[in-house]
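> Got a predicted structure here, sequence first:
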Amino acid sequence: EGLRAQLLIESDELLRVAEQFNRSDLTVLYEAVGKGDLQASSIAKRLVANLRGEESSQRLPAKPAQHRGSRRRRTSGVHVEGFDDSLVRLAGCCNPVPGDEILGFVTKGRGISIHRDDCSNASELVGYSGARQIEVDWDAAFNGQFRTSVEVRALDRDRLLADVVSVISDHHLSISSAHTFTGDDQVSVLQFDIEVGDPTLLEQLLGALREIDAVFDAHRIMPNSVRPPS
């Protein structure tokens, strides 16, 4: 029945559920749901049980173990002359990634805040909080991960979620959370928070998503942008 049930998942709690279903990470869990190997209702029940503090004494049937890489220490990936990287943070309101034009602001008690130059909050920082703008640029030598969000719109059909997750997986990108729903017009909207290192890979991903059967739009979500869509 396609994506008629709404799926709203957050990374911390769902990672625990993935482990309980013997899936190595969230991407593998989503793929199992999309393929029909796991039911969304089973995941929902397990999530509710966990949130209520109910511990299951039974493990689910074993699946071949898959190695989970160790988490790399997250740094900002932004160079700010004269400041330690630990003081630099990417603003969650606009989620800048390499390739975006960025602005840096010295904030009171919160270090250096990095925003996209089209972020509506950036101008307010100077006007209302007295933050000082400084020159910043992306660190070309940085090879870590950045979080961004993508949205896919498609006509609802069977295995749509599986096909979309499969394309994301083929690009070796990790999904940290997802939100999918289908409206009365039979249009399915799938939103994913993903971890990406190379910004060119993001454009390749969007191109591949647009090639999926029934998909008519795939784009990066640009929160707080004051620029009109192109």
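All right, it came through fine.
> thought Ile168 was touching Glu31?
No: Ile168 lies out of contact with Glu31 (C-beta atoms under 8 Å); the separation is 9.0 Å. Using the backbone N, CA and C atoms, a C-beta is placed for each residue, glycine as well.
> Tell me the pLDDT of the spatially most central residue of the chain.
Nearest to the mean C-alpha position of the chain, by C-alpha atoms, centre = their mean, lies Asp193 at 1.3 Å. pLDDT, Asp193: 91.
> quick one, what contacts it?
11, 147-149, 175-178 (C-beta atoms under 8 Å, 6 or more residues apart in numbering).
> Pull up the pairing partners for whatever helix or strand it lives in, direction included.
For Asp193, the host element (DSSP states H and E) is strand 187-196. Take DSSP bridges as the rule and strand 187-196 pairs in its sheet with strand 146-155 (antiparallel), strand 174-182 (antiparallel).
> for the record, mean pLDDT for the last one?
The reference is to strand 174-182. For strand 174-182, the mean pLDDT works out to 86.
> List the buried residues in that strand.
Buried positions in strand 174-182, judged by neighbour count with 16 or more other C-beta atoms under 10 Å: 174-180, 182.
> likewise the first one?
Of the residues in strand 146-155, those buried by neighbour count under the rule 16+ other C-beta under 10 Å are 146-152, 154.
> What is the nearest of the residues you listed to Gly36?
Set against Gly36, the nearest of the buried residues of strand 146-155 by C-beta to C-beta is Ala154 (18.0 Å).
> Show me what Phe181 is bridged to.
Val189.
> hmm, back to that, need the max-distance pair from the contacts of Asp193.
Top of the distance list for the contacts of Asp193 (C-beta to C-beta): Ser11 and Thr148, 14.3 Å.
> Span of stretch 211-220 from start to end?
Length of stretch 211-220, first residue to last, C-alpha to C-alpha, to the nearest Å: 16 Å.
> taking the mean pLDDT, what do you get for it?
Mean per-residue pLDDT for stretch 211-220: 97.
> What's the local residue count around Ala131?
Residues near Ala131, counting by other C-beta atoms under 10 Å, number 19.
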